[in-house]
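> Build the 3D model from these lines:
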Amino acid sequence: MKCSAGDLGCRMGQVEQMIRYAYWNSGCTGIVIGVSGGVDSAVAAAFCCRAVGPDRVLGLFLPSTVSNRQDSDDATALCAALGMELGTINIEPMLAGFRTMPGFTDAQSVLGNLMARIRMAVLYYHANRDNRLVCGTSNRSEYMIGYCTKFGDNAADIQPILHLYKSDVYIMAKELGIPEPIMKKTPSAGLWEGQSDEGEIGLSYDQIDTALRALEGRRWQAENITEERVLALVKKSRHKRMGAPNLLAMSQKPDGTAPGN
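Numbers count the residues shown, from 1 in each chain. Modelled structure (predicted):
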């Protein structure tokens with residue numbers, strides 16, 4: 001399916017087709033997705049519902065003590081609008097188990113990554129139990145600058161919005177009819193009280209998207225301070241977009257056999 005640059009309907013169809021293809025070929029009977037109350041997970045969930053039907057999509061809201069009531073209300077409203085099931089599982093008891101480890105620290109970055117990995121573990125538990133695929137919610141902007149956690153929010157079986165810049169996610173959200181409160185809220189990973197994505201990154205999504213588009217079109221040559229900052233983040237996070245270095249991959253052909261066989 002080839003789409004013109006301005007054909008939004010066609011681009012949406014491509015996403016749905018990708019989800020269906022992965023779903024049918026997996027032999028699974030459902031999809032599970034973490035629904036945070038934010039726009040990324042809302043758009044990803046909507047695509048899943050359109051692709052395989054809302055009766056096959058399970059949403060999980062996974063709060064901690066720093067989660068706010070508005071996120072819960074927004075997740076509930078979204079799933080009701082889409083017609084998909086929503087479950088809520090508090091991750092605090094799991095965090096409590098980790099807190100018993102010798103040397104445990106509540107440093108924000110360490111705890112934030114731990115929370116992301118706990119949430120993904122819960123999603124994969126349900127995927128294993130119910131024969132489902134895990135749907136990721138990472139967008140292109142965050143993925144390229146490394147604003148994600150290895151084996152946490154960037155782990156998934158399908159990634160329906162990974163090709164979309166944050167600005168594109170909002171365009172899709174409007175087209176998909178995502179509730180207005182979700183589209184208007186300040187983006188936040190909910191990792192600590194008062195946390196916001198842009199505040200933590202130190203750049204707005206508009207700045208990030210503008211810089212990434214320019215850098216990708218210019219073969220990653222920065223021409224201003226913002227582009228230099230974004231390029232530095234891209235380079236620093238390269239390891240998050242690649243598999244773990246290993247000699248097996250270097251010694252095998254794509255079909256898994258050794259060179260010369």
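
> Tell me where the stretch 51-200 of the chain is predicted with low confidence.
192 (pLDDT under 70).

> And the helices in it, which stretches?
69-82, 92-99, 108-130, 140-145, 166-176, 180-184, 197-201 (DSSP state H, counting those that start in this stretch).

> helices or strands next to the third one in the packing?
In this case it means helix 108-130. strand 30-34, strand 57-61, helix 92-99, strand 132-135 (3 or more C-beta pairs under 8 Å, 6 or more residues apart in numbering; DSSP states H and E). Any C-beta I mention is one placed from the backbone N, CA and C, and that applies to glycine too.

> how about these in JSON lines, adding mean neighbour count and distance to residue 174?
Below are these laid out as JSON lines (neighbours: other C-beta atoms under 10 Å; distance: least, C-beta to C-beta, whole Å):
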{"stretch": "strand 30-34", "mean neighbour count": "25", "distance to residue 174": "20"}
{"stretch": "strand 57-61", "mean neighbour count": "24", "distance to residue 174": "21"}
{"stretch": "helix 92-99", "mean neighbour count": "13", "distance to residue 174": "35"}
{"stretch": "strand 132-135", "mean neighbour count": "24", "distance to residue 174": "21"}
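
> Next, format these as JSON lines and append distance to residue 146.
Shown next, in JSON lines, are those (distance: least, C-beta to C-beta, whole Å):
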{"stretch": "strand 30-34", "distance to residue 146": "19"}
{"stretch": "strand 57-61", "distance to residue 146": "25"}
{"stretch": "helix 92-99", "distance to residue 146": "23"}
{"stretch": "strand 132-135", "distance to residue 146": "21"}
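
> so which of those gets nearest residue 218?
Among these, strand 132-135 comes nearest to residue 218, with 32.9 Å by C-beta to C-beta.

> residue contacts, the residue lying closest to residue 202 once chain neighbours are set aside?
Spatial nearest neighbour of residue 202, excluding adjacent residues (C-beta to C-beta, 6 or more residues apart in numbering): residue 229 at 7.8 Å. Counting by C-beta atoms under 8 Å, 6 or more residues apart in numbering, residue 229 makes contact with 202-203, 211.

> Of the residues you listed, just the buried ones, ChimeraX syntax please.
Buried residues among these (16 or more other C-beta atoms under 10 Å), as a ChimeraX selection:
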select :203,211
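
> Can I get the contacts of residue 229 in CSV including pLDDT, distance to residue 25 and secondary structure?
Listed next are the contacts of residue 229 as CSV, based on pLDDT from 0 to 100; distance: C-beta to C-beta, whole Å; DSSP: H, G, I helix; E, B strand; the rest coil:
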residue, pLDDT, distance to residue 25, secondary structure
202, 93, 41, coil
203, 95, 38, coil
211, 98, 36, helix
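
> Please tell me how far residue 34 sits from residue 162.
From residue 34 across to residue 162, the span is 15 Å (C-beta to C-beta, to the nearest Å).

> go on, residue 12?
Residue 12 is 15 Å from residue 162, by C-beta to C-beta.

> do the same with residue 222
Residue 222 is 23 Å from residue 162, by C-beta to C-beta.
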